[in-house]
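Student: sharing a sequence plus its predicted fold:
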Amino acid sequence: MAYEEPQLLVSTDWLGRHIGKPDIRIIDGSWHLPNAGRDGRAEFAGCHIPGAVFFDIDEICDRDSALPHMAPPPEVFVSKLRHAGIGDGHQIVVYDSVGMFSAARVWWLFRYMGFFDVAVLDGGLPKWMREGRETTAEVVAGKRYHLTPRRQSYMLRQVEEVARASDCGGAQIIDARPSDRFRGEAQEPRPGLRSGHIPNSLNIPYSSLLRPDRTFKSHGELTEVFAAAGVNLDQPVITSCGSGVAAAIISLALEILGHRDHSLYDGSWSEWGGRADLPIETG
């Protein structure tokens, strides 16, 4: 099925029909794991969807945190986006150069800051290009607009809250990392982190939510994935991963299914796995 939900997920056909309209803003949110050997900004400079601006999650972040690309203070977020020509009343479409990965993180950041007219492009730049749609290397300077943040603090969870959920319940913790990393059988891509997972967490590798072309599976298929992992969609969820990027794919899938009671552990395994005072499980 082709998604056309401008607050969640839109198809390449949808963007093709709406590109160029005065209220549409397109963002390239490409980011890659440290061991991927890719540079999202450099790739954007060579090829992107016309009219797109680049959103660097390693730049638009909390610079006072030792953890990677943590959610920025509202004033930092607003300052960067105003200069990119994005403001109140715009419909935003975010994509990435993998198809479905870091774009979900940018989508989540916008919603965390109180902007809900934002969607992820299903299948991203690879699907756009496979269909022979236009790309460019030209970067268009944007006019500054007013942008009013309304931070949704309930959407973000700190380590103490996750530890309580792990110990006492109250929310299901879903880890989006690949299964071998979750089980502690594969080394983490960031040095210095232990291998394993948060005790009592569940594993849904983000790739299990996607088709081979990196578009989301159907509602029915997504429901089956959550059920197979032991998730009760009538209960609250905390999403997690390596550094808060893939966790947002789980968050987006929950929204697609109409599950609203979820939040994201921003520090994720970069924090939990790096602290010797926090328990881990393997297997």
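Tutor: Done, it's in. Numbers count the residues shown, from 1 in each chain.
Student: drop to CA atoms for contacts and neighbour counts, all remaining ones
Tutor: Noted.
Student: confidence score at residue 1?
Tutor: We have a pLDDT of 59 for residue 1.
Student: contacts only, for residue 107.
Tutor: Residues in contact with residue 107 (C-alpha atoms under 8 Å, 6 or more residues apart in numbering) are 94, 118, 119, 120.
Student: what about those residues, which are in strands?
Tutor: 94, 118, 119, 120 (DSSP state E).
Student: enumerate the beta-bridge partners assigned to the first one.
Tutor: For residue 94, the beta-bridge partners under DSSP bridges are residue 27, residue 120.
Student: surely it and residue 24 touch.
Tutor: No - judged on C-alpha atoms under 8 Å, residue 94 makes no contact with residue 24 at a distance of 10.8 Å.
Student: between the two, who's got more neighbours?
Tutor: Set residue 94 next to residue 24 and count neighbours by other C-alpha atoms under 10 Å: residue 94 wins out with 29 against 18.
Student: where along the stretch 151-283 of the chain do the helices fall?
Tutor: All helices of the stretch 151-283 of the chain, identified by DSSP state H, counting those that start in this stretch, fall at 159-168, 179-183, 219-228, 247-256, 268-272.
Student: give me whichever of those helices is most buried.
Tutor: Comparing those on average neighbours per residue, with mean count of other C-alpha atoms under 10 Å, the densest one is helix 247-256 at a mean of 24.
Student: quick revisit: who wins for proximity to residue 63 among the helices of the stretch 151-283 of the chain?
Tutor: Nearest of the helices of the stretch 151-283 of the chain to residue 63, taken as C-alpha to C-alpha: helix 268-272 at 15.5 Å.
Student: which residues make contact with stretch 3-22 from outside it?
Tutor: With C-alpha under 8 Å, 6+ apart as the test, stretch 3-22 has contacts from 2, 24, 51, 91, 93, 116-124, 127-128, 252, 255-256.
Student: of these, buried ones?
Tutor: 24, 51, 91, 93, 116-124, 127-128, 252, 255-256 (16 or more other C-alpha atoms under 10 Å).
Student: roughly how far does the most centrally placed residue in the chain sit from residue 95?
Tutor: With distances taken as C-alpha atoms, centre = their mean, the residue of the chain nearest its centroid is residue 105 (2.1 Å). Per C-alpha to C-alpha, to the nearest Å, residue 105 is found 10 Å from residue 95.
Student: quick one: low-confidence ranges for the stretch 101-250 of the chain?
Tutor: The stretch 101-250 of the chain contains no residues with pLDDT under 70.
Student: sorry, back to before: and which of the contacts of residue 107 is nearest to residue 156?
Tutor: Nearest member of those to residue 156, counting by C-alpha to C-alpha, is residue 118, at 18.1 Å.
Student: can you give me the strands in the stretch 51-200 of the chain?
Tutor: 53-54, 91-95, 118-121, 156-157, 172-175 (DSSP state E, counting those that start in this stretch).
Student: rebuild those as JSON lines, extending it with distance to residue 78.
Tutor: JSON lines is the format used below for these (distance: least, C-alpha to C-alpha, whole Å):
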{"stretch": "strand 53-54", "distance to residue 78": "15"}
{"stretch": "strand 91-95", "distance to residue 78": "14"}
{"stretch": "strand 118-121", "distance to residue 78": "15"}
{"stretch": "strand 156-157", "distance to residue 78": "18"}
{"stretch": "strand 172-175", "distance to residue 78": "30"}
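Student: residue 111 and residue 152 touch, don't they?
Tutor: Yes - counting by C-alpha under 8 Å, residue 111 touches residue 152, with 7.5 Å between them.
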